[in-house]
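Peer 1: Below is the sequence, then the predicted model.
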Amino acid sequence: MPRSLFSKGVGLVTMLLAAAFCWPGPIHASPGEVVVYASVDQVYAEPVLKEFESRQGIKVKAVYDVEGAKTTGLVNRLLAEQDRPRADVFWNGEFAQTILLKNKGALAAYRSSATRDIPDAVKDPEGYWTGFGGRARVILVNTRLLPPSRYPQSLQDFLSPAWLAPQMGLAYPLFGTTATQAAALYAAWGPDKAREFFTRLKARGVKVVAGNSVVRDLVAQGQLQAGLTDTDDAWGAMRRGAPVAVVYPDQEAGGLGTLIIPNTVALIAGGPHPEAGQKFIDYMLSPGVSEKLTAAGWFAMPPSPAAAPAPAGQSGRPQAMQVDLREVCRFLPQALSELRQIFMD
Amino acid sequence: MTAADPETRVWHRLALVWFLVTVFAPVIALLASAVQDAGGGQTSWLSLAIPWGRCGLLLLRSVVLAGAVAAAALVWGFLAATILWRWQTGRKAWLRWLLLALAPVPPYVHALAWSAAAGAASHALQGLLGVSLTGSTFLSSWWVQVMAFLPLAIGLCLVGLESVDMTLIEAGRVLQDDRRVLFRVIIPLAGPILLTAFGLLFLLSLVDYSVPSLFGLNVYALEIFAEYSASHAPRLALALALPVLMLTVVAVLASQAAARQAAQPPPWRHRRWSTPPGWPSWLQGMQWAAAVILLLSIAVPAVTLVVVVGSWASLAANLAAARSEISFSLWQSLATAMVCLPGAAAVGQELSRPGVAGRLWWLVATLPLAVPAPLVGIGLIGLSHLPLGDSLAGTRLWVVWATLARFTPLAALVMLSQWRRVDPLLLDAAHLLPSTPARTWWLIKIPMLAPGFLAAFCLVFALSLGELGAVLMVAPPGAATLTMRIYNYLHYGAADTVAGLCLMMALGALTAGVVAVATLALWSRLLPSTASPPPEEATG
């Protein structure tokens, strides 16, 4: 190939790539769209968002959080963008960070008509956020390593010598729903008892790993006999044929009950498409969405008790931990601070 | 540095400014916010910059882990590189650089692959011998990080070996056996780059928490994110990151103190081995052990990915579902790899300066590597409050800026190596030609720097593909990168999807490497008068 032709070819390719690079994409918000920040697994959220698009004719532009970012992702992005919000709606897989956003003034009040049937315990009295559905904090058990008679039935079983500590696991109680559960224990038991629980957990050598999905994988692979995780992780493992079973902890009469963590949806203050955001919230709170998310395996607690999957060895709807969501959020900073001292050594 | 005409100097300075703006503007935005808080009386957070008690122990453990990872990766990387170094002619001379294609595979995937492999091995041992494998969290983390960084270590060691003047090696071989030449001539002369490689690997290990947290090992990088997650205050995370920045400064200054570039003959008079080296048998054994480890580092994740991916139909379906992420990632990585080159070339040239100026530029080029990725993203969000930033925020350019800020310094280090291979007399002669500066660049300088440009392009392309922390903060709504999708599906547990997408990522980087290598090979055939003579068939 002649040198001049090759040089011209390289030059042409370079210019084409530069031109492609110079195409920046949309700069300002376009009408007829809504921007959703979703701290929800993309595989569950995407079908719901696409259905909203097809029903309402409003394009959804989503940003998904990733577990690998250790919840330093979307919540911090929303706080950093607070002066110039880019998002319209925040759909969160739990509630504590949503309440935090409200306390920081990042949310706008919006009372959807769909909230009428939602209990007061899972919605903000001032209308800044609304809870729906729910995931439970459960004990996932490897059925090949433990017979049903030996399944742990309570969080306190993680401290019992009847189970080998290195064969029990949980995610770092500093992030995500494990942190929320830790704060819930602070609220339910009181700080002293909760602190002692986690101190003894650490002293026993219970395995602490990177996230709920890691707990799920280690239990499914047989590297752990049992571990604390969320129902969506548990159902996912069961769907893939892993030898696991789910236990809703503390279901005895008068027991603590199982923590149910509702999803929350909230309107972002100053978002570029407030009306579209409100329509999106109305849609998310409609009954059909929760049932779809339950059928997909994201929710453990559907609106209709009959649709709840039967836990191992138990029947009926699980007994939920009686704890005020705002109290849980109030204890979160103390729990995180103390648990860092315990687990990050 | 050779004397250049005024127009070239202006462009050089503009390129330096481009580098400083793209790399430091996000960090400066963060610092400005922190200074503002301090000015407002909020200063208690500054105490986080002094690691004490529990944090001090965490930092010490992290430093020990990072040192062990860097040392092992460097030693094995060097031994493997000495084998590849003999591939100096023909196709093998180009193929050896394709190891960099493995760089974008996330360390987390290495960790999962090795955990699965260890689990299978333990299961087999349990069945056969009644014993099971148990490993400490430190050793597990160390091993997986070494495996994840080994391709990069080999590439850097190869750059170091290639920088040694063959004339000096041949002169040494006249007087001493090859073993003594290796330890008394080759290693000392390659030392500056090997030390730089150690520092880089040390830093990459120090800021990684994904692998240690998987094995339950607490490290300082996780403490930074735990603080950020709890407080949502970037200034607190930045304060916690300051000790890591200080360690970077120490590592850079220490590596520069050992540099003997001023006394080292320039390597642009490159020659091939007259006869292949004859290493002693114990060294050959170590080399082949390193080669086996390299093969394991490739085979275990590759086999795991291929086995887990399932059927070709499943792979095709997963790739089809991810086509928007794949196209966005390829576009973003290509754009970053291209746009970083002018700034990287300019800074690479400055890095070769002797004295204080060169040391300052070393600090400028390496400090940004110690800033945690999400903080780069947060800094960019801070820039979006400015008029120009407001226009760019939410666009694809914002994502490109995030990866430019993260990886342009690495490209500058690669360009330094190439600048050192260019005969300055040729550059001076080029300036004497009656030609415009643009034509001089197009016809003379770019061909001479082409290998460095291509190496920097491939490295930045590969790393940009795998970047998550900063991109997550600035990705425009509706657009996501392939890495974001991989991490989402990792959490969901769709192992087959993750495996397929990781294979796609490695294939993309490999394709870029093949294209770059083929282009360079073709270029070398058209321009036989470049400083580095084209590969010839081996004569020994």
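Peer 2: Ah, there it is. Residues are numbered from 1 along each chain as shown, chains lettered A, B, ... in the order given.

Peer 1: Quick one: end-to-end distance for stretch B:176-185.
Peer 2: In terms of CA to CA, to the nearest Å, the two terminal residues of stretch B:176-185 are separated by 10 Å.

Peer 1: Kindly report the same for stretch A:220-240.
Peer 2: Distance between the boundary residues of stretch A:220-240 (CA to CA) amounts to 10 Å.

Peer 1: So that stretch, near chain B or not?
Peer 2: Yes - taking CB under 8 Å from any CB of the partner chain as the criterion, stretch A:220-240 and chain B are in contact, through A:221-223, A:233, A:236-237, A:240. C-beta: built from backbone N, CA, C; applies to glycine.

Peer 1: What mean pLDDT does that stretch get?
Peer 2: When the per-residue pLDDT values of stretch A:220-240 are averaged, the result is 90.

Peer 1: Give me the distance from it to the chain's centre.
Peer 2: A distance of 16 Å separates the centroid of the chain from that of stretch A:220-240, by CA atoms, centre = their mean, to the nearest Å.

Peer 1: just to revisit the earlier point, in JSON lines: the residues of stretch A:220-240 next to chain B, plus secondary structure and neighbour count.
Peer 2: Output for the residues of stretch A:220-240 next to chain B, formatted as JSON lines (DSSP: H, G, I helix; E, B strand; the rest coil; neighbours: other CB atoms under 10 Å in any protein chain shown):
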{"residue": "A:Q221", "secondary structure": "helix", "neighbour count": "16"}
{"residue": "A:G222", "secondary structure": "coil", "neighbour count": "17"}
{"residue": "A:Q223", "secondary structure": "coil", "neighbour count": "21"}
{"residue": "A:D233", "secondary structure": "helix", "neighbour count": "30"}
{"residue": "A:G236", "secondary structure": "helix", "neighbour count": "25"}
{"residue": "A:A237", "secondary structure": "helix", "neighbour count": "24"}
{"residue": "A:R240", "secondary structure": "coil", "neighbour count": "14"}
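
Peer 1: quick one: which of these is nearest to B:C55?
Peer 2: In terms of CB to CB, no member of these lies closer to B:C55 than A:Q223, at 30.2 Å.

Peer 1: In contact with that closest one, which residues?
Peer 2: Residues in contact with A:Q223, defined by CB atoms under 8 Å, 6 or more residues apart in numbering or on different chains, are B:115, B:119.

Peer 1: Would you mind measuring from B:A412 to B:A124?
Peer 2: Noted for B:A412: a distance of 47 Å to B:A124, by CB to CB, to the nearest Å.

Peer 1: So for those two, which residue has more residues nearby?
Peer 2: Using other CB atoms under 10 Å in any protein chain shown as the criterion, B:A412 and B:A124 rank with B:A412 on top: 28 against 12.

Peer 1: average pLDDT for stretch B:279-287?
Peer 2: The predicted model assigns stretch B:279-287 a mean pLDDT of 87.

Peer 1: Alpha carbons of that stretch, in CSV - could you do that?
Peer 2: Only the C-alpha atoms of stretch B:279-287 are listed here, as CSV (Å, rounded to 0.1, in the frame of the first residue of the first chain):
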residue,chain,number,x,y,z
TRP,B,279,20.3,-18.4,31.5
PRO,B,280,21.3,-20.8,34.3
SER,B,281,19.0,-23.8,34.8
TRP,B,282,17.7,-22.5,38.2
LEU,B,283,16.8,-19.2,36.6
GLN,B,284,15.1,-21.0,33.7
GLY,B,285,13.2,-23.0,36.2
MET,B,286,12.0,-19.9,37.9
GLN,B,287,11.1,-18.4,34.5
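
Peer 1: which phi and psi does the residue nearest to A:T258 when sequence neighbours are not counted have?
Peer 2: Counting by CB to CB, 6 or more residues apart in numbering or on different chains, A:T258 lies nearest to A:Y248, which is 4.4 Å off, once chain neighbours are set aside. The main-chain torsion angles of A:Y248 are listed as degrees, to the nearest 10 and equal phi -80, psi 110.

Peer 1: Isn't A:Y248 up against A:R317?
Peer 2: No - assessed by CB atoms under 8 Å, A:Y248 is found out of contact with A:R317, at 9.6 Å.

Peer 1: Compare neighbour counts for these two and give me the winner.
Peer 2: More crowded of A:Y248 and A:R317, by other CB under 10 Å: A:Y248, with 24 against 15.

Peer 1: Relative to chain B, how far out is that one?
Peer 2: Distance of A:Y248 to chain B, given as CB to the nearest CB, to the nearest Å: 21 Å.

Peer 1: where do the helices sit along the stretch 201-345 of chain A?
Peer 2: With DSSP state H, counting those that start in this stretch as the criterion, the stretch 201-345 of chain A has helices at A:212-221, A:231-239, A:274-284, A:287-296, A:325-343.

Peer 1: Tell me where the model's unsure across chain B.
Peer 2: Across chain B, residues meeting the criterion (pLDDT under 70) sit at B:1-4, B:38-44, B:88-106, B:130-135, B:252-253, B:255-273, B:433-434, B:491-494, B:517, B:520-540.

Peer 1: In it, where's the longest helix?
Peer 2: Of all the elements of type helix in chain B, the one with the most residues (DSSP state H) is helix B:6-39.

Peer 1: Quick check: buried residues in that one?
Peer 2: Using 16 or more other CB atoms under 10 Å in any protein chain shown as the test for burial, helix B:6-39 gives B:8, B:11-12, B:15-16, B:18-19, B:22-30, B:33-34, B:37.
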